[in-house]
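K.L.:
the following comprises the amino acid sequence and a computationally predicted model.
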Amino acid sequence: MTGFKLKVSSRLLKKRQRKQSFLPPKQCRFCASTEYENQLDYKNTEFLRGFLTERCKILSSHVSGNCAYHQRRLSEKIKLSRTMALLPYCLMHR
């Protein structure tokens with residue numbers, strides 16, 4: 001049984017390469033500077049649109065890089081802005 005070798009899929013090879021390469025950890029932009037924290041307001045729709053997908057879903061913290069605290073505050077502001085009809089809930093159906 002010494003000659004037996006398992007096949008490694010290309011997906012696992014890519015995963016291994018990502019782990020071995022040095023990537024700096026994502027940092028929350030709100031924790032890094034207070035300038036962004038001041039922009040976090042339900043009336044600032046252009047800023048909040050940056051955290052929405054093209055289907056108007058809220059980006060997850062894994063994708064946006066926000067910490068849990070600021071992700072909760074961001075989602076509250078987006079939901080408040082939707083309630084005030086400043087941001088859409090979804091796209092218009094064609």
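P.N.:
Perfect, thanks for sending it. Numbering: from 1, shown residues only.
K.L.:
from the middle of its chain, how far away would the helix or strand of the chain with the lowest mean pLDDT be?
P.N.:
Among the helices and strands of the chain, helix 10-20 carries the lowest confidence by mean pLDDT, DSSP states H and E, at a mean of 76. Helix 10-20 sits 22 Å away from the centroid of its parent chain (C-alpha atoms, centre = their mean, to the nearest Å).
K.L.:
for the longest helix seen in the chain, what is the distance to the chain centroid?
P.N.:
The helix that spans the most residues within the chain, counting by DSSP state H, is helix 68-83. Helix 68-83 sits 13 Å away from the centroid of its parent chain (C-alpha atoms, centre = their mean).
K.L.:
where does this structure have low pLDDT?
P.N.:
For the chain, the stretches with pLDDT under 70 are 1-8, 21-23, 93-94.
K.L.:
same thing but 80
P.N.:
1-26, 92-94 (pLDDT under 80).
K.L.:
how about Arg82: what's its closest non-neighbour residue?
P.N.:
Tyr89 (5.6 Å; C-beta to C-beta, 6 or more residues apart in numbering). Bear in mind the C-beta positions are built from the backbone N, C-alpha and C, glycine included.
K.L.:
and the one you found, how far from Lys79?
P.N.:
In this view, Tyr89 and Lys79 are 10 Å apart by C-beta to C-beta, to the nearest Å.
K.L.:
neighbour count: the two, which is higher?
P.N.:
Lys79 (14 against 10; other C-beta atoms under 10 Å).
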